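Participant: next input, structure requested:
(one chain, ligands or ions: 1)
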Amino acid sequence: MRPLIVIGNWKMNGSPDSNQDWIKTVARGMESGMPSGRKFAVCPPFPFLSQCAALIKEHSLAFLSLGAQDASAHISGAYTGEVAASMLKEMACQYVIVGHSERRQFHQEVDEVVAAKALQVLDAGMTPVICVGETSDERNSGRAIEVVCGQIAKQVTVLQDRLVDCLIAYEPVWAIGTGKVASAQVAQDMHHAIRQQLGEFNEDVASHVGILYGGSVKSDNAVELFAMPDIDGGLVGGASLNPQEFLAICKA
Ligand code: 13P
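Facilitator: Numbers count the residues shown, from 1 in each chain. Just a heads-up that it's a prediction; the model follows:
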């Protein structure tokens, strides 16, 4: 049985004061217990990881893990501005998002780089959250499944059996930050296609890998999405900035 996982991606948001309020509110909301078989994580920007790790510890927040939004494809060395996966592990991160569509769009990240980053994250002992997704033009021209399965194929080539230790996040670009959530059936169809493609490579990987949905997830659509057989949770952007809304999604 795959666990349900909800991961908040704060993107380039947060401040020392608001981070403190967020963790305090989430700690209070989780104190009475959380549904079993679920995992939760939050991915603040790099400069806030240390503060958030300390706050999670201070509030004994056993239900909440820490994650980062990116990692370098290199181990260490002369890569100004980059952050190595091993450094994120030192900061108590358990998850690292790689290949987010905003990285692909604004930083020209291609599948090969995404796979190299995922390898670094795995080697450092954390779980990569590998993002894939199609644009609205690709969907409107009937190529959504072909595009996403092409992205997955590149990950399979590089990561092989190690994919079993990764999470995949299907985030249709047209649904990110737009309020246009994919219907539960559209998301399920894509998740099923991804799992089927992984199954052609390795049945064990296909049945064990968690596939999260991301793109305008809110507390009022999470229940329907998470009820789908191939949707194993959510990667939540905007709605995760509000701690009450994040809690409501975690409990959905
Ligand atoms: P929104 O939830 O704001 O649409 O963002 C989704 C996302 O990009 C999470 O990584």
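
Participant: show me where this structure has helices.
Facilitator: 16-30, 49-58, 85-90, 101-106, 111-123, 136-140, 144-159, 184-201, 203-208, 219-226, 243-250 (DSSP state H).

Participant: out of the ones you listed, nearest to residue 43?
Facilitator: Closest approach to residue 43 among the helices of the chain (Cβ to Cβ): helix 49-58, 9.0 Å. C-beta here means a position set from N, CA and C on the backbone, and glycine is covered the same way.

Participant: which helices and strands does the closest one pack with?
Facilitator: Applying 3 or more Cβ pairs under 8 Å, 6 or more residues apart in numbering; DSSP states H and E, one finds that helix 49-58 contacts helix 16-30, strand 64-68.

Participant: so which bits of this protein are right by the ligand?
Facilitator: 9, 100, 171, 176-177, 214-217, 235-239 (Cβ under 6 Å from any ligand atom).

Participant: swap the cut-off to 5 Å and go again
Facilitator: Applying Cβ under 5 Å from any ligand atom, we find that the chain lies next to the ligand at 9, 176-177, 214-216, 235, 237-238.

Participant: which residues does the residue in the stretch 101-250 of the chain that the ligand sits nearest to contact?
Facilitator: Among all residues of the stretch 101-250 of the chain, residue 237 sits closest to the ligand, at 2.2 Å; criterion: Cβ to the nearest ligand atom. The contact partners of residue 237, by Cβ atoms under 8 Å, 6 or more residues apart in numbering, come to 9, 11, 176-177, 214, 217.

Participant: ok, and the most crowded of the residues you listed?
Facilitator: Ranked by neighbour count (other Cβ atoms under 10 Å), the contacts of residue 237 have residue 217 at the top, with 30 neighbours.

Participant: that residue and residue 238 touch, don't they?
Facilitator: No - under the contact definition of Cβ atoms under 8 Å, residue 217 does not touch residue 238, with a separation of 9.0 Å.

Participant: can you name the farthest residue from the center of this protein?
Facilitator: In the chain, counting by Cα atoms, centre = their mean, residue 78 sits farthest out from the average C-alpha position, at 27.8 Å.

Participant: could you dump the helices of the chain into JSON lines and include distance to residue 68?
Facilitator: Compiled in JSON lines, the helices of the chain are given as follows (distance: least, Cβ to Cβ, whole Å):
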{"stretch": "helix 16-30", "distance to residue 68": "14"}
{"stretch": "helix 49-58", "distance to residue 68": "6"}
{"stretch": "helix 85-90", "distance to residue 68": "5"}
{"stretch": "helix 101-106", "distance to residue 68": "12"}
{"stretch": "helix 111-123", "distance to residue 68": "9"}
{"stretch": "helix 136-140", "distance to residue 68": "28"}
{"stretch": "helix 144-159", "distance to residue 68": "19"}
{"stretch": "helix 184-201", "distance to residue 68": "23"}
{"stretch": "helix 203-208", "distance to residue 68": "23"}
{"stretch": "helix 219-226", "distance to residue 68": "23"}
{"stretch": "helix 243-250", "distance to residue 68": "17"}
